[in-house]
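Sequence first, then the predicted structure:
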Amino acid sequence: MESNASLVFNREKLLDLFTHFKDGIFTLDSSYRVESVNPKAIRILRLNEQTIRGKRMPVLFPSNHLNLETFLKNAIDTKGYTEYKNYFPEYKKWFQFRAYPFENEFSVFIKDITGQIQTEQILTIEREVHVLHATQSPIQNTLNYLLKGLEKIFPGYHAGLMELDKSGKFLNHLSSPSLPSEYTDALNGIPTGLNSGSCGTASYLKQPVFVNDIKTDPLWTNCNALAVSLGFVSCWSFPLLDSKSEVMGSLGIYIKESKLPDVEEAKKLERFSYLISVLLEHKRTRDTIEFSNELYKTVLAATNDAIWDLDIVNNVMNWGKSMKKLFGYDSELKPYTLEDWKNHIHPDDRAHTFDEFMKVMSSDHLMYWEDEYRFIKADGVFSYVYDRGLIIRDEHGKAIRMVGAMQDISERKNSELMLKQLNDSLEKRAIELQSSNNELEKFAYIASHDLKEPLRMISSFLQLFKSRYEHVIDDKGKEYIHFAVDGAERMKELINDLLEYSRLFIHETSPEKFNPENEIKEVLRIFENEIKETGAIISYSGLNEIFANRNQFLQLMQNLIGNAIKYKSEKIPRINITSYNDDIQSTFTVNDNGIGIEKEFQEKVFDMFQRLHSRNKYSGTGIGLAICKKIVAMHNGSIWVESSPGEGSSFIVNFPFR
C-alpha cells in the first residue's frame, strides 16, 4: 500500500498539474455539470469560478450548446477520447474541446485556437484567391471574394478597399462587400493627406493608421459625420504599396466598437493588404505584360508554391517552372498524366490521397480539393506537401479542368517534430528538477532540525563553564564567552527560521474559504507584550473572505505585523489592515507609519537573508519576508511593498480564488 506521505505527494502533484496545465480543464459529472475548473479555463472564458461551477457545461456556450451536448454524450457513450472544435460568437473565439471519460466522471480540456484557425483560414483564402486569379476571374470578383473572406475570419469587421486615381491625389471606392451603399458612394474622391480620415492619412504617410474613436480623433474632424451616423467607432487603415513602395490605395477596417488591433491581429491584416497590393499591381500591368507570365510572377512572389494545371478531359497535367524549382520535374520535357501524379505519392499515402481526390472530382458540385501527403522529388527524396486545387466544371457540373498549387511543408513538419521532442525533453527535465527540489527541501528541513541539538549543547556548556570558572576568568575571557553564546543564540534563531521556511514545502497547502478576523486576533495575542511596550495601535474592520491555508495565512500576517511593530519610527506605531475582493482575487494591505524602505530595496527585501539594518539596531535573520513571499507564491498570488523612507510602508498581498 502507498504511504500517507506518498498519497499527499501525489495529490500535490495532481493539484499542481491541474492548476498550471497550459490548457483549460473542466471536470464534469455524468450530467455534464462542472465540478471543478482550473485557472486557465477561467482566464480563457473570462468568467469567475462561481459562475462556472455547478453549471451544465453546454449552458456556458449557448451558441453551440446542442453540438456540445452531442459531443459530451458521444464521449460518455464511447468511453473514449473525443474532440470537437468550433467558433463561439459569445466569446468571439475558436475553441477546441477534448474529452477524456472515466468511470463516473470525465475531464474536458479547452484550448483557445483562434490564432491558429485564423492563420489557417488566411492561408486558405490566399490560395483560393491565387487560383481564382489563375483562372482569369474578373479582378472585382476576386477582391470581393477576398474581403468577404477577411470579414468571415474577423466577425464584426467591415472591410473597404479604395484605389488611388491616376493623379495620385484622390482615392476612389473599389470594393466593400458589407459597407452600406450610402457610405461607399461617399468614399469617392477622398483626398490623400493629413486629417483626411484613416485611409487618406495612411495613403499619405505610407504607413498603417489606427483610430479607435472616429467621433473625436482629429484625423476625422472634417469627414466623420456619416461614419458616426452609421455606428462606426473605430477605423484601421493599411496603405497598399506596389513593388516600388508607391501607393496604390488603402484597405480600411471599420468596427462598431472602440478598439485597437493587437500585434498579431495587425500582422494578419497586413497580410491581406499585401495580397491585395499584389492583385492591384497585376491589375495595373496586365494590359502591357502577358497575363500568364505576370500571374506566374505574382503567385510565386506571394506563395512560392508549385502551380499545376490539369486538363481533365484530355488527361494532361502541366507542371509549371516552380515545380522544377521545388521538386525537379519539368513538364516541358515530358507530358504528365493524372496517373503520373498518383505514382509520385508516397505508397503509404497514395490510396487515401487519390481516393479523396477522385471523390471530390467526381462530385457534381464540390469546387475545392486539399490534402497533405508525401511527394517524391526527382532526386528520390520524399517531401511533405500541402496541395490544393480549384475545380472548373461545365454547365452540367462535370469537372473539365483543375488548377492548383503545391507547397513544400517539410520544414514545418520537421520543426513540429523537433518542437515535440524538445517539449518532451523539457517536461522530463521539469519532472527531474521537481524531484531534485523536493529532496533538497527535505534535506534542508532535516539538516536544520538536527543542527539545533549541538547548538543547544554548545550554548549550555558555555553557560556552565562561565558559572563554574567565572572567578578565575578575566574580563576579556568573559567577553569571548558572551560573543560565543550570542553567536549560538543567533544561529539557533536562524535555524528556527530555516525550519519554518522548510515546513512550507513539506506540509500540504489545503486551502479553504474563511474570514481571516480570528487569525488576525491570534496574531495580536502573540504580540501582546510588544504592543503594550510600544503603544502600537492596530486597526482592522470589514475583512472579506479569503481562499487560503489558515496556518500559512496566520504565519504571513504574523511576519507582516511583527515587522510593522519592529521597524517603527519615533512615532507611536499605527498599523491598519484592510481588504477587498473582486471577481478573481482577494487583496490584503498591511499599512504602517514606520521607518519605510528605500525604493531600490523594495524588491530585495523579499529575498532570503536580506537585511537592510545592522543586528545591533534591529534583530532578525532576514528570512521573514522570504517566508511571506513563498507562502503567497504557493497560493499562486503576489506580494509587493509600496513605501517611502520616513513615511511608512504598505505591504499588498493578492490571493486568487481557485
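Yep, it's here.

Could you report the distance from T119 to E126?
11 Å (CB to CB, to the nearest Å). Glycine gets a C-beta too; all of them are placed from N, C-alpha and C.

Those two: which has the busier surroundings?
E126 (22 against 16; other CB atoms under 10 Å).

Excluding chain neighbours, what is closest to that one?
Closest residue to E126 apart from its sequence neighbours, by CB to CB, 6 or more residues apart in numbering: L275 at 5.9 Å.

Next, the buried residues of the helix or strand in which the one you found is found.
Here L275 is covered by helix 263-285, with elements defined by DSSP states H and E. Residues of helix 263-285 classed as buried by neighbour count (16 or more other CB atoms under 10 Å): 265, 268-269, 271-283.

Dihedrals phi and psi, K334?
phi -150, psi 130 (degrees, to the nearest 10).

gap between it and N549?
76 Å.

Those two: which is more packed in?
Neighbours of K334 and N549, each counted by other CB under 10 Å, are more numerous for N549; the result is 20 against 9.

Let me see the backbone angles for the more buried one.
phi -80, psi 130.

Quick check: it touching F655?
No - N549 lies out of contact with F655 (CB atoms under 8 Å); the separation is 10.1 Å.

Name the residues contacting each of those two.
H635 (CB atoms under 8 Å, 6 or more residues apart in numbering).

Tell me how far the residue nearest to E126 lies from Y145.
Counting by CB to CB - L275 and Y145 are separated by 12 Å.

Kindly report the same for F210.
On the measure of CB to CB, F210 and Y145 end up 26 Å apart.

Helices along the stretch 1-150 of the chain, start to end?
Secondary structure of the stretch 1-150 of the chain, counting by DSSP state H, counting those that start in this stretch: helices at 4-20, 39-45, 49-52, 65-78, 114-134, 139-153.

And for the stretch 501-650 of the chain?
517-526, 528-534, 550-566, 624-634.

JSON lines please, covering those and showing mean pLDDT.
Output for the helices of the stretch 501-650 of the chain, formatted as JSON lines (pLDDT from 0 to 100):
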{"stretch": "helix 517-526", "mean pLDDT": "88"}
{"stretch": "helix 528-534", "mean pLDDT": "89"}
{"stretch": "helix 550-566", "mean pLDDT": "86"}
{"stretch": "helix 624-634", "mean pLDDT": "85"}
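
Switch the ones you listed over to JSON lines; also include distance to D349.
Converted to JSON lines, the helices of the stretch 501-650 of the chain look like this (distance: least, CB to CB, whole Å):
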{"stretch": "helix 517-526", "distance to D349": "65"}
{"stretch": "helix 528-534", "distance to D349": "77"}
{"stretch": "helix 550-566", "distance to D349": "57"}
{"stretch": "helix 624-634", "distance to D349": "50"}
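
Which one of the ones you listed lies nearest to V131?
helix 624-634 (54.3 Å; CB to CB).

could you dump that closest one to CSV, C-alpha only?
Presented in CSV, the C-alpha positions along helix 624-634 are these (Å, rounded to 0.1, in the frame of the first residue of the first chain):
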residue,chain,number,x,y,z
GLY,A,624,10.7,36.6,7.5
LEU,A,625,9.7,38.3,4.2
ALA,A,626,11.1,35.4,2.2
ILE,A,627,8.7,33.2,4.1
CYS,A,628,5.9,35.6,3.2
LYS,A,629,6.8,35.6,-0.5
LYS,A,630,6.9,31.8,-0.5
ILE,A,631,3.5,31.4,1.2
VAL,A,632,1.9,33.8,-1.3
ALA,A,633,3.6,32.0,-4.3
MET,A,634,2.3,28.7,-3.1
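
Report the inter-axis angle for it versus helix 550-566.
Between helix 624-634 and helix 550-566, the angle comes out at 150 degrees (axes from the mean of the first three to the mean of the last three CA atoms, to 10 degrees).

and helix 624-634, which residues are buried?
In helix 624-634, counting by 16+ other CB under 10 Å, buried: 624-632.

can you give me the offset of it from its chain's centre?
26 Å (CA atoms, centre = their mean, to the nearest Å).

Quick one: residues contacting A536.
Under the criterion of CB under 8 Å, 6+ apart, the neighbours of A536 are 530, 565, 568, 572-575.

what's the following helix or strand after the longest strand seen in the chain?
Identified as the longest strand of the chain according to DSSP state E is strand 382-393. Remark: after strand 382-393, the chain's next helix or strand is strand 399-408, criterion DSSP H and E.

elements contacting that following strand?
Packed against strand 399-408 by the contact rule (3 or more CB pairs under 8 Å, 6 or more residues apart in numbering; DSSP states H and E) you find helix 114-134, helix 291-303, strand 306-311, helix 321-327, helix 347-362, strand 368-376, strand 382-393.

Would you mind listing the buried residues in the longest strand of the chain?
Applying 16+ other CB under 10 Å to strand 382-393 flags 382-391, 393 as buried.

wait, T192 sits on N172?
No - contact status for T192 versus N172: not in contact, 11.5 Å apart, counting by CB under 8 Å.

Which one's more surrounded, these two?
T192 (23 against 13).

Now the more buried one: phi and psi?
phi -90, psi 150.

Per-residue pLDDT of it, please?
What the model reports as pLDDT for T192 is 91.

Please shift the residue numbers so they start at 876 in all later answers.
Noted, 876 is the first residue going forward, which turns the last one into T1067.

What separation is there between it and I1421?
For T1067 relative to I1421 (CB to CB), the value is 59 Å.

again with K954
According to CB to CB, K954 and I1421 sit 40 Å apart.

repeat for K1396
Distance from K1396 to I1421, by CB to CB: 15 Å.

quick one, which of those two is more surrounded?
I1421 (25 against 11).

The more buried one pairs with what?
In this entry, I1421 is beta-bridged to F1389, by DSSP bridges.

Contact partners for it?
So I1421 contacts 1388-1391, 1428, 1454, 1461, 1463, 1530 (CB under 8 Å, 6+ apart).

And for S1078?
Counted by CB under 8 Å, 6+ apart, S1078 has contacts 1039, 1046, 1067, 1112, 1114, 1122, 1124-1125.

so where does it fall, helix or strand?
Secondary structure (DSSP H and E) places S1078 in helix 1072-1080.

now for the helix or strand following that helix, which elements pack on it?
From helix 1072-1080 onward toward the C-terminus, using DSSP H and E, the following helix or strand is strand 1084-1086. Secondary-structure packing of strand 1084-1086 (3+ CB pairs under 8 Å, 6+ apart): helix 1072-1080, strand 1109-1116.

Point out the one among these that comes closest to F1481.
Nearest to F1481 among the helices and strands packed on strand 1084-1086 is strand 1109-1116 (41.9 Å), distances taken as CB to CB.

That closest one versus helix 1072-1080: what angle between them?
Going by the same axes, to 10 degrees, strand 1109-1116 makes 30 degrees with helix 1072-1080.

average pLDDT for the helix or strand following strand 1109-1116?
Once strand 1109-1116 ends, the next helix or strand along the chain (criterion: DSSP H and E) is strand 1122-1130. Averaged across strand 1122-1130, the pLDDT comes to 94.

which residues touch W1515?
W1515 sits in contact with 1477-1478, 1526-1527, where contact means CB under 8 Å, 6+ apart.

Derive a ChimeraX selection command for the buried subset of the residues you listed.
Selection of buried members from the contacts of W1515 for ChimeraX, criterion 16+ other CB under 10 Å:
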select :1526
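
Cool, thanks, signing off.
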